[in-house]
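S.K.: Here you go, sequence then predicted model.
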Amino acid sequence: MKNNSNKSNVGHTIFKPTGVRHEFPKVDLVKQQVTCTVLYKEETYMTVIVDLKNDTVQVQGDVEALGNLSMDKDSFIDMFKYWAKVFIDNGISNPSDYFDEIIKNQS
């Protein structure tokens with residue numbers, strides 16, 4: 001007997017903001033360090049300092065209390081390491097201006 005189910009792969013996803021956000025409050029191009037934060041309702045849950053020159057990551061705090069509202073700790077750290085490299089490699093000292101410029105150029 002052959003299972004001939006032709007299920008559709010078509011669907012949709014609804015993205016709903018959770019209020020959890022991440023920021024890059026400090027980029028030091030000379031020291032090659034980027035400070036990153038995870039915030040929810042104006043409270044900082046986790047601060048990560050990515051030091052590309054010394055290949056280290058310092059983590060203070062945790063996102064566990066945010067539960068399903070956010071990514072897990074390792075996912076945030078991976079994302080922060082990626083963006084730190086982008087900022088340092090491209091001489092971006094103000095990520096907010098960088099992202100604003102990208103958004104402006106898309107319209």
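M.R.: Looks like it came in fine. Residues are numbered from 1 along each chain as shown.

S.K.: what's next to stretch 39-56, contact-wise?
M.R.: 18-23, 31-38, 57-63, 65-66, 69-70, 73, 76-77, 80-81, 84-85, 88 (CB atoms under 8 Å, 6 or more residues apart in numbering). (C-beta placed from N, C-alpha, C; glycine too.)

S.K.: Mind listing what's buried along that stretch?
M.R.: Buried residues in stretch 39-56, counted by 16 or more other CB atoms under 10 Å: 40, 45, 46, 48, 49, 50, 52.

S.K.: Quick check: chain neighbours aside, which residue is closest to the first one?
M.R.: Counting by CB to CB, 6 or more residues apart in numbering, the nearest residue to residue 40 once its immediate chain neighbours are dropped is residue 20, at 4.8 Å.

S.K.: any idea how far that neighbour lies from residue 94?
M.R.: Relative to residue 94, residue 20 is positioned 22 Å away (CB to CB, to the nearest Å).

S.K.: can you give me the helices in this structure?
M.R.: Along the chain, the stretches classed as helices by DSSP state H are 73-89, 95-106.

S.K.: returning to what we had before: tell me which of residue 20 and residue 94 has more neighbours.
M.R.: Per other CB atoms under 10 Å, whichever of residue 20 and residue 94 has more neighbours is residue 20, with 16 against 12.

S.K.: Would you mind measuring from the residue nearest to residue 40 to residue 7?
M.R.: Taken as CB to CB, the span from residue 20 to residue 7 is 33 Å.

S.K.: Over to residue 46?
M.R.: 39 Å.

S.K.: and stretch 66-77, which residues are buried?
M.R.: Judged by neighbour count using 16+ other CB under 10 Å, the buried positions of stretch 66-77 are 66, 70, 73, 76, 77.

S.K.: Equivalent analysis for stretch 77-92, please.
M.R.: Going by 16+ other CB under 10 Å, stretch 77-92 has these buried residues: 77, 80, 81, 83, 84, 87, 88, 92.
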